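*Asks:* Test case, fold it:
(chains A and B)
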2 protein chains.
Amino acid sequence: MKKNRITELLGIQYPIIQGGMVWCSGWKLASAVSNHGGLGLLGIGSMHPEILEEHILKMQEATNKPWGVNLPLFYPELERVVDLIIKYDVKIVFTSAGSPKKLTARFKEHGITVVHVIANTKFAQKCELAGVDAIVAEGFEAGGHNSPEETTTMALIPIIRQFTDLPLIAAGGIGSGMQMAAALALGAEGVQIGSLFAASEESSAHEAYKQAVVDAKEGATVLTLKELGPTRLIPNQFSEEMDKLRRSGASTEEMRALLGKGRAKQGIFEGNTEEGEIEIGQISSMINKIEPASDIIKRVMEQCDATLERLANLRE
Amino acid sequence: MKKNRITELLGIQYPIIQGGMVWCSGWKLASAVSNHGGLGLLGIGSMHPEILEEHILKMQEATNKPWGVNLPLFYPELERVVDLIIKYDVKIVFTSAGSPKKLTARFKEHGITVVHVIANTKFAQKCELAGVDAIVAEGFEAGGHNSPEETTTMALIPIIRQFTDLPLIAAGGIGSGMQMAAALALGAEGVQIGSLFAASEESSAHEAYKQAVVDAKEGATVLTLKELGPTRLIPNQFSEEMDKLRRSGASTEEMRALLGKGRAKQGIFEGNTEEGEIEIGQISSMINKIEPASDIIKRVMEQCDATLERLANLRE
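*Replies:* Just a heads-up that it's a prediction; the model follows:
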């Protein structure tokens, strides 16, 4: 594939971004992705500021290719991590779960490239006003935290593309190069891949979590916890208890009490596949083994190239 | 675009199938689609056998191009409509909402081409065993009746493609030629379009229904009625009452009682947009006017061709 606005903006070889994921994407995964031509992102959402500092320092040793961080804007010690991002001269920040107005101008003052994650045109407009450099539009099929609108990647990308000319990355449902080529057809210029990398060798997730993803059959995930913050995961004892509570007509407060704290850490990092959250996307049934990030990138790009060739042959 | 297995099998110019939809797709819509190069389908789901007979006769007068019917296998007077299909030498039958084992062999004995609608690989396998000629794989974003798995078109098509070599039509989320090209990238050989045609000039739906679709904003539809049979629609007074009942911890029987009978007819055919079901897909926000089926087909094909050209130019 030729260079495009996303590869140019981020300085990468392939328009593949590794989603910044809680408990999965530390320096090992992010540097492996960056070293093999994609863009690796440290997932700040699950890092205390001290841990982030450690990962930034290791990242700087592990790669001389472009990389970035993903910063959920509801992060409790936001000021401390913003200071670290600026102090250590992080060049690329993906922001999510909040208004792009919040930090974009400040990051841009320091020459940082800002990409914001959205799920509708309302936020695409906010991104334009805030001056972000690019957007990620994420569909219903994506793993982990998701949007209440439930618009799928297929429906969402052309709507966003029609609305804004900002460089556009598609997320949700990208499990192969066929899906990457589809995202390009829809109007995206790159893809953000979560699930494939969450289950990769370099992911810091627990082996039991990765095995649960490998074992996941078609249709294994559900979008649940809708009252508390929609989350796609593989149902287990915890989510079934929650469903039972919901069906009994429980209040949001009662559900929040059952959720408690640290369910994602329990499931993803500690491998408690019954009581923790096993967050993953719909394409988990396409994952049949735990493999290095480099193999994932190579395969997706080969499939994408082959798909573009197949499509070229459909033309008269 | 070149001919492919779907255009050859169905004898059509463009690999565009008009979904057989209750209260929308009578002979006017189906013949308009067939006369302009796609495949029109009479939606038997909302027709008494006498009405079907009338539509078949009008269809035979209105077009000499290939056309077919969509037959939901839970249809109450199944034997009577099967007899009509055979008696009037209908050449193409799309079956849905049931096992392809039920009627495929019988239709095939009469030389009828059989296409079955599925939403997972389990049913793709049943289709292979039953000897259907092609399959439609329909994703979560589709309007009206839908599957409990909630797998999106983006996630579903490559999974089905990998599983079976049967000719494959993608449905759900196809609102433009960009989405048609994406479906081809995912491995489909044609698309089934519902929403665009439901709101077309020739659709037999009520003007108030069509206007509700034109007015629908991004994110306007929800997949609801999950306990009774998942259905995508635009929320209104009826669906809000149902939600309230569900949240109160009501039983399925209580919900069924509120649903009653004829909600789709009320909403789509009679235009009661508050008490009836306004069934439509996620791409309804892309529909901004009521237009003839011919314009829809022309635009989708032009966009698809332009997208394939754009994708060809991405290659080095």
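*Asks:* drop to CA atoms for contacts and neighbour counts, all remaining ones
*Replies:* Will do.
*Asks:* And the pLDDT at residue A:95?
*Replies:* Note for residue A:95: predicted pLDDT of 98.
*Asks:* Kindly report the same for the one 10 residues further on.
*Replies:* Reading off the per-residue confidence, residue A:105 sits at a pLDDT of 98.
*Asks:* what sits against it?
*Replies:* Residues in contact with residue A:105 (CA atoms under 8 Å, 6 or more residues apart in numbering or on different chains) are A:130, A:131.
*Asks:* Could you measure from it over to residue A:130?
*Replies:* Distance, residue A:105 to residue A:130, by CA to CA, to the nearest Å: 7 Å.
*Asks:* try residue A:62
*Replies:* Taking CA to CA, one finds residue A:62 at 32 Å from residue A:130.
*Asks:* quick one: residue A:281 and residue A:171 touch, right?
*Replies:* No: shown here, residue A:281 and residue A:171 do not form a contact pair, counting by CA atoms under 8 Å, at 10.4 Å.
*Asks:* shared neighbours of those two, anything?
*Replies:* With CA under 8 Å, 6+ apart as the test, residue A:281 and residue A:171 both reach residue A:142.
*Asks:* Residue A:154 and residue B:247: what is the separation?
*Replies:* Relative to residue B:247, and taking CA to CA, residue A:154 is found at 30 Å.
*Asks:* With neighbour numbers in mind, choose between those two.
*Replies:* Neighbour tally, residue A:154 and residue B:247, criterion other CA atoms under 10 Å in any protein chain shown: the higher count belongs to residue A:154, 35 against 15.
*Asks:* after the strand or helix carrying the more buried one, next one along is what?
*Replies:* Using DSSP states H and E, residue A:154 sits within helix A:153-163. Later in the chain than helix A:153-163, the nearest helix or strand by DSSP H and E is strand A:168-171.
*Asks:* Give the pairing partners of that next one; include direction for each.
*Replies:* Next to strand A:168-171 in the sheet, as set by DSSP bridges, lie strand A:134-138 (parallel), strand A:190-193 (parallel).
*Asks:* Any chance you could list what contacts the next helix or strand after it?
*Replies:* Using DSSP H and E, the helix or strand that follows strand A:168-171 in sequence is helix A:177-186. Here helix A:177-186 makes contact (CA under 8 Å, 6+ apart) with A:154, A:157-158, A:170, A:173-174, A:189-191, A:299-305, A:307-308, B:154-155, B:158, B:178-179, B:181-187, B:307-308, B:311.
*Asks:* let's see 7 Å
*Replies:* A:157-158, A:170, A:174, A:191, A:300-304, A:307-308, B:154, B:178-179, B:181-183, B:185-186, B:307, B:311 (CA atoms under 7 Å, 6 or more residues apart in numbering or on different chains).
*Asks:* Kindly report the same for stretch A:70-89.
*Replies:* Stretch A:70-89 has contacts (CA under 7 Å, 6+ apart) with A:20, A:41-45, A:49, A:53, A:93-98.
*Asks:* out of those residues, which one sits closest to residue B:145?
*Replies:* Nearest to residue B:145 among those: residue A:97, at 31.9 Å, using CA to CA.
*Asks:* Can I get stretch A:90-108 as CSV, trimmed to CA atoms?
*Replies:* This file holds the C-alpha atoms of stretch A:90-108, laid out as CSV (Å, rounded to 0.1, in the frame of the first residue of the first chain):
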residue,chain,number,x,y,z
VAL,A,90,5.9,11.8,24.1
LYS,A,91,5.1,12.7,20.6
ILE,A,92,1.7,11.1,20.0
VAL,A,93,-1.3,11.0,22.3
PHE,A,94,-4.6,9.2,21.6
THR,A,95,-7.3,10.6,23.9
SER,A,96,-10.6,8.9,24.6
ALA,A,97,-13.7,8.8,26.9
GLY,A,98,-14.1,12.6,27.3
SER,A,99,-14.2,15.9,25.4
PRO,A,100,-11.3,16.6,23.0
LYS,A,101,-11.5,20.2,24.2
LYS,A,102,-10.0,19.2,27.5
LEU,A,103,-6.4,18.7,26.6
THR,A,104,-5.9,19.1,22.8
ALA,A,105,-4.7,22.7,22.8
ARG,A,106,-2.3,22.0,25.7
PHE,A,107,-0.8,19.0,24.0
LYS,A,108,-0.6,20.9,20.6
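*Asks:* Give the buried residues for it.
*Replies:* A:90-100, A:103-105, A:107 (16 or more other CA atoms under 10 Å in any protein chain shown).
*Asks:* In the stretch 1-150 of chain A, what residue comes closest to chain B?
*Replies:* Scanning the stretch 1-150 of chain A for the residue nearest chain B gives residue A:1, at 4.7 Å (criterion: CA to the nearest CA).
*Asks:* roughly how far apart are that residue and residue B:178?
*Replies:* Where residue B:178 is concerned, residue A:1 sits at a distance of 19 Å (CA to CA).
*Asks:* from the buried residues of stretch A:90-108, which ones fall inside helices?
*Replies:* Residues of the buried residues of stretch A:90-108 located in helices (DSSP state H): A:104, A:105, A:107.
*Asks:* Export the residues you listed as CSV, with columns for distance to residue B:111.
*Replies:* Output for these, formatted as CSV (distance: CA to CA, whole Å):
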residue, distance to residue B:111
A:104, 64
A:105, 67
A:107, 67
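*Asks:* thinking again about what came up before, near chain B at all, the helix holding residue A:154?
*Replies:* Yes: residues of helix A:153-163 contacting chain B under CA under 7 Å from any CA of the partner chain: A:154, A:155.
*Asks:* Output the contacting helices and strands for that helix.
*Replies:* Helices and strands touching helix A:153-163, by 3 or more CA pairs under 7 Å, 6 or more residues apart in numbering or on different chains; DSSP states H and E: there are none.
*Asks:* what comes up buried for it?
*Replies:* A:153, A:154, A:155, A:156, A:157, A:158, A:159, A:160, A:161.
*Asks:* Likewise for stretch A:129-149?
*Replies:* Within stretch A:129-149, the residues that count as buried by 16+ other CA under 10 Å are A:130-147, A:149.
*Asks:* For residue A:281, which residues are in contact?
*Replies:* A:141, A:142, A:143, A:173, A:195, A:221, A:232.
*Asks:* hmm, 8 Å instead?
*Replies:* Contacts of residue A:281 (CA under 8 Å, 6+ apart): A:141, A:142, A:143, A:144, A:172, A:173, A:194, A:195, A:221, A:232, A:233.
*Asks:* neighbours of residue A:36, just the number please.
*Replies:* Residue A:36: 19 neighbours (other CA under 10 Å).
*Asks:* sorry, that was for residue A:87
*Replies:* Residue A:87: 10 neighbours (other CA under 10 Å).
*Asks:* Could you report the pLDDT at it?
*Replies:* Model confidence at residue A:87, given as pLDDT, is 98.
*Asks:* Counting by contacts, list what whichever strand or helix holds residue A:29 packs against.
*Replies:* Using DSSP H and E, residue A:29 sits in helix A:27-35. Counting contacts by 3 or more CA pairs under 8 Å, 6 or more residues apart in numbering or on different chains; DSSP states H and E, helix A:27-35 packs against strand A:40-43, helix A:49-62, strand A:67-72, helix A:293-314.
*Asks:* Taking helix B:293-312 as reference, get the angle to the last one.
*Replies:* Inter-element angle recorded for helix A:293-314 and helix B:293-312: 130 degrees (by axes from the mean of the first three to the mean of the last three CA atoms, to 10 degrees).
*Asks:* And helix A:293-314, how far out from the chain middle?
*Replies:* 21 Å (CA atoms, centre = their mean, to the nearest Å).
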